[in-house]
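> give me a 3D structure for the following:
(2 chains)
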Protein chains: 2
Amino acid sequence: MNTKEEILTRLRQTEGYLSGEQLSETLGVSRAAVWKAITALRESGYAIDSATNRGYRLTASPDVLTPEEIRCGLHTRAIGKNIVALQEVDSTNEEAKRQAQCGAPDGSVFLAERQTGGKGRLGRTWESPAGTGIWFSVLLRPSLVPSEISSITLLAGIAVCRGIRSVTGCAAKLKWPNDVVIGSRKVCGILTEMAAEIERVEYVVLGIGINANTEAFPAKLAEKATSLRIEAGSAFPRAAILRAVLKELESLLLNAKAGSAFQEILDEYKFLCVSLNRRVGFFWNGEQQTGMAVDVSPSGELIVERDGGGRISINAGEVVVQGIYGEHLPNPEGSKRA
Amino acid sequence: MNTKEEILTRLRQTEGYLSGEQLSETLGVSRAAVWKAITALRESGYAIDSATNRGYRLTASPDVLTPEEIRCGLHTRAIGKNIVALQEVDSTNEEAKRQAQCGAPDGSVFLAERQTGGKGRLGRTWESPAGTGIWFSVLLRPSLVPSEISSITLLAGIAVCRGIRSVTGCAAKLKWPNDVVIGSRKVCGILTEMAAEIERVEYVVLGIGINANTEAFPAKLAEKATSLRIEAGSAFPRAAILRAVLKELESLLLNAKAGSAFQEILDEYKFLCVSLNRRVGFFWNGEQQTGMAVDVSPSGELIVERDGGGRISINAGEVVVQGIYGEHLPNPEGSKRA
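Predicted coordinates:
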């Protein structure tokens, strides 16, 4: 932590005022350095009251995604040790990949207030306006072969659900493979990319976009998209949500590494997955088909009983789910109508 | 094809002399343009005899890896339509990945006379001096999910074996997963890299390094490495070998796409694989172990009967093979010595 981050942490930990002298002594820096850091924090939007002979007191924090704000209270081993926060970028995944090529360490986090070319799954675009969203990417360098990588996607979905639940109380769930939904609307998308040799993954980039404090969506999106603010009825400090997600992600990754916990993780994924036990529509053998989603395999495939008969594993592509994003699927042929 | 390539092709197809007038008429270019192209070809090392009133005759081709030399007689659909030939590069795989990010098309070939940072499997370096080797990378954009990618590695190994066999007659074989060997020594290494989302491969880069006309290797490598020239006793035009490999690669990829031929391809791989039915050494469960390689699975794993008991699938890492690269493995414990 730098002086700014240390001072912010101390101010947060203190109920009343903290004197400049105390800060200077505890941190082993000059009074001038303390003053300089306080000024910088104020410039970043922190409201810091100062009173003669009493010192400084933090009265309000801005809703910013700065490294110091995110790291304050983030007790992780690797994830978030290196945070790159940008005002604007083409795509945080692209930035993460560029920096991965130049040796950025495992656990690096890349975030931006605004993405000019935000990306979604399957080559889609992702709207990422400034100020209300949490657009970030986590760089991981796991010891895996490429076929094991789908487990990380499951983990990432669970981590976002847990983080959202703990900070907002919203009942975040997952639409297979890893859209995060609240009720029937999408609150977060995850795009996992990797660079690999056949035998080993060089790095994975988890791109996560959370609609945090968006007040409303355009009419064409309103049936499909939501935000934490819309669902909970109040705004949240974005850094708190990001911190919660990063902590859960690290905890899940460490558990998964231990190996024994994998069945538990899969069970949690299934518990959270809204696609299960619902009618689904998907593309199969060159045509649009329907069926019932019945399970998720250990390698992350969605297991579906086709209306046409037969159980299949779906490992890619779009699967629409009855009742989610306003989808209404036809009844199976030959079934009675209610 | 440009004028240079067209003239080269015509000269190759003609036994005797070809007049400048004929060339100019057939190709629809001026006599001056013909002369300019002839001069450029001579500067590239082609020996072109010219005789008054008779025209031009190709008497010798240089051993160069220029796009025109490679394309001459290369009748492929996609592979090699775009060839980028460099004198020197860090690594042809890195160049391919950079250009892939900028939209280089499926089938692009990147080659260099010399690599300053040539890469091998598992983070190793690959020696790639100028003039005698064929160092190239092929960019592919297949419709695959990441777990299907190992099939491309099998295909690439077979393509190199077929190409070497057809041009040189050497009995090239494969050490699992895809070192190309002649006898007990390595003649070619293949490094497959990819960029992918969980559900779709964005691109694959096949990096292939063939020791073509190397006259001798340093003592420390002599037991493990060989070249086509050492094995066959004569030098080969490198472009002919490269062309043969590219043709075989495209043919195998098209077959594999058709799907029905996959068992045939796997059978050919097994036929070529020198690791099978030999004792092998490998790292398993944290320790060095030995066993007998008995099969290759459809997803490209090496199936091994462990000396310690039990059949396992190896999908990554180094597997040493009895008698290959000078390896001598201990006999299984409890076995009688001959």
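> and residue A:289, which of the three is it?
On the three-state scheme (DSSP: H, G, I helix; E, B strand; the rest coil), residue A:289 is labelled strand.
> what's the burial count for residue A:14?
15 (other Cβ atoms under 10 Å in any protein chain shown). C-beta: built from backbone N, CA, C; applies to glycine.
> and if you look at residue A:229?
The tally of other residues near residue A:229 (other Cβ under 10 Å) stands at 18.
> what of residue A:76?
17.
> repeat for the one 3 residues further on
The number of residues packed around residue A:79, counting by other Cβ under 10 Å, is 25.
> got a list of what it touches?
Going by Cβ atoms under 8 Å, 6 or more residues apart in numbering or on different chains, residue A:79 touches A:107, A:109, A:138, A:246, A:247, A:249, A:250, A:253.
> switch the cut-off to 6 Å
Residue A:79 is in contact with A:107, A:246, A:250, counting by Cβ atoms under 6 Å, 6 or more residues apart in numbering or on different chains.
> is stretch A:151-169 up against chain B anywhere?
Yes - counting by Cβ under 6 Å from any Cβ of the partner chain, contacts between stretch A:151-169 and chain B involve residue A:153.
> buried sites along that stretch?
A:151-165, A:167-168 (16 or more other Cβ atoms under 10 Å in any protein chain shown).
> need the per-residue pLDDT for residue A:124.
You'll see residue A:124 listed with a pLDDT of 78.
> now the one 10 residues further on
The predicted structure scores residue A:134 at 96 on the pLDDT scale.
> point me to the helix or strand that includes it.
strand A:133-140 (DSSP states H and E).
> ok, residues contacting that strand?
So strand A:133-140 is contacted by A:92-93, A:96, A:100, A:104, A:108-112, A:115, A:128, A:204-212, A:238, A:242 (Cβ under 6 Å, 6+ apart).
> tell me the spacing between the one residue in the stretch 51-200 of chain A that gets nearest to chain B and residue B:317.
Closest residue of the stretch 51-200 of chain A to chain B, Cβ to the nearest Cβ: residue A:199 (3.7 Å). For residue A:199, the distance to residue B:317 (Cβ to Cβ, to the nearest Å) stands at 7 Å.
> got it, and residue A:156?
With Cβ to Cβ as the criterion, residue A:156 and residue B:317 are 27 Å apart.
> nearest residue to residue A:121 other than its sequence neighbours?
Of all residues not flanking residue A:121 in the chain, residue A:191 sits nearest, at 5.5 Å (Cβ to Cβ, 6 or more residues apart in numbering or on different chains).
> a helix runs through the one you found, doesn't it?
No - per three-state DSSP, residue A:191 lies outside any helix segment and is strand.
> any idea what it is bridged to?
Under DSSP bridges, the beta-bridge partners of residue A:191 are residue A:207.
> show me the contacts for it.
A:119, A:121, A:207.
> contacts only, for the first one.
Which is residue A:119. By Cβ under 6 Å, 6+ apart, residue A:119 lies in contact with A:91, A:126, A:191.
> among the buried residues of stretch A:151-169, name the ones in helices.
Applying DSSP state H to the buried residues of stretch A:151-169, the entries found in helices are A:151-165, A:167-168.
> could you chop chain A up by domain?
Chain A breaks down into these domains under automatic domain parsing: A:3-60, A:67-272, A:275-338.
> out of those domains, the one nearest residue B:176 is which?
Residue B:176 lies closest, by Cβ to Cβ, to one member of those: domain A:67-272, at 11.3 Å.
> ranking the contacts of residue A:79 by neighbours, who comes first?
When neighbours are taken as other Cβ under 10 Å, the top entry among those is residue A:246 (24 neighbours).
> my read is that one is in a helix, agree?
Yes - looking at residue A:246 with three-state DSSP, it is inside a helix.
> show me what contacts it?
Taking Cβ under 6 Å, 6+ apart, one finds A:79, A:80 in contact with residue A:246.
> for chain B, see how far away it is.
20 Å (Cβ to the nearest Cβ, to the nearest Å).
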